[in-house]
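>>> With the input below, show me the fold.
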Amino acid sequence: MKTRMLILITTLCLSASAALAAEKSKALVQLDTARAAVEAMAAKAGDNREAAAGLELARAAIKKGADAAEKGRQMFGFGGIKPEAEQEVKNYADIAELETAAVASRLEKGRSAAELEALDKQLAVVKGRIKLFEDRKTELEKYKAEASKCQGAAGEIETLKAEKARLSARIDKQQAEIKELKTRLEDAVKADVCRQAAPTAAPVKMTPAPVETPAAKEPSPAVPAPAAEVPTAKEPAVKTP
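Below you'll find the predicted structure:
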C-alpha cells in the first residue's frame, strides 16, 4: 500500500514538473525572440563585416543567457528557472536585442549613406543639367537680342531701299529733264549756226569822179564822167582814169 502511494506521489510530481517546464518564463521567451531577430538580421546583413561583428556579440549574449537558464532551473532541471537566473537571462536577452538593434542601425546607416551618395550623384547630374539649361537659356536670350537687332537693321535697310528708290526716281526725272534741255540747247545752237552761215548782199559803194583842174591857157572841152562800176561782193571797186 505504501509502495503504491509513493509511486502515485512520484508520478504527480513528475507531471507537475513537466507542466512547469512546458510553460516558459518571460525571460526565456525574450531570449528566443532575440535569437530569431539575430538570425533574421544575419540574413539581411550578408557580408557586412561591422554587422557580422555585432551579430557575433548578440549570439554570445544569447548563449550566455541560455547557459544561465539551464543552470538556474529548479526541481532537478524539470521546473521553471530561479528568479535570479531569470533576471540574468533577461539581461542577456536585452544585450542581444541591443546588439541586434545596433547592427540594424549600422545597416540602415550604410544604406542611408549609399542612398545619400546616389542622391549626391543624381544631384550633381541635375545641377549639371540645370547649368547647361541656364547656359542655353543665356545663349537663347543673346540670340533673341541679336535677332531683334537684325530685325531693326532689316527695317532700316528697307527704309534705305525705299529712300534709294525715291532718290533714283528723282535722279531719273532730273536726268530726263537735263537730256531734254540739252536737246533743246543743241537745236538752238544748230539754228543759230545756220543763221550765221547764210550769205548777205554787199552794199553798193558810190565812188565820186575825180575833179580835174583846167589848164591856164588852153581850155579843153568838158568830157562827161564815166559811169562808176559796181563792185561785187568779193572784188573791190576799180577807179577809171
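
>>> State the number of residues packed around residue 120.
10 (other CB atoms under 10 Å). In short, each C-beta sits where N, CA and C put it, glycine included.

>>> Likewise for the one 5 residues further on?
Burial of residue 125 is recorded as 10 neighbouring residues (other CB under 10 Å).

>>> From residue 83, how far off is it?
Applying CB to CB, to the nearest Å, the value for residue 125 to residue 83 is 62 Å.

>>> Could you list the low-confidence segments of the chain?
1-24, 75-79, 198-241 (pLDDT under 70).

>>> All the helices of it, in order from the start?
2-22, 26-45, 49-71, 83-197 (DSSP state H).

>>> residues in contact with residue 71?
Applying CB atoms under 8 Å, 6 or more residues apart in numbering to residue 71 gives the contacts residue 85.

>>> rerun that using 10 Å as the cut-off
Going by CB atoms under 10 Å, 6 or more residues apart in numbering, residue 71 touches 77, 81, 82, 85, 88.

>>> Then residue 97?
Residue 97 is in contact with 30, 31, 33, 34, 37, 38, 58, 61, 62, counting by CB under 10 Å, 6+ apart.

>>> Repeat that for residue 31.
24-25, 61-62, 65-66, 68-69, 89-90, 92-94, 96-97.

>>> returning to what we had before: of the contacts of residue 97, which count as buried by neighbour count?
30, 31, 34, 37, 38, 58, 61, 62 (16 or more other CB atoms under 10 Å).

>>> what's next to stretch 118-127, contact-wise?
Under CB under 10 Å, 6+ apart, the answer for stretch 118-127 is 112, 116.
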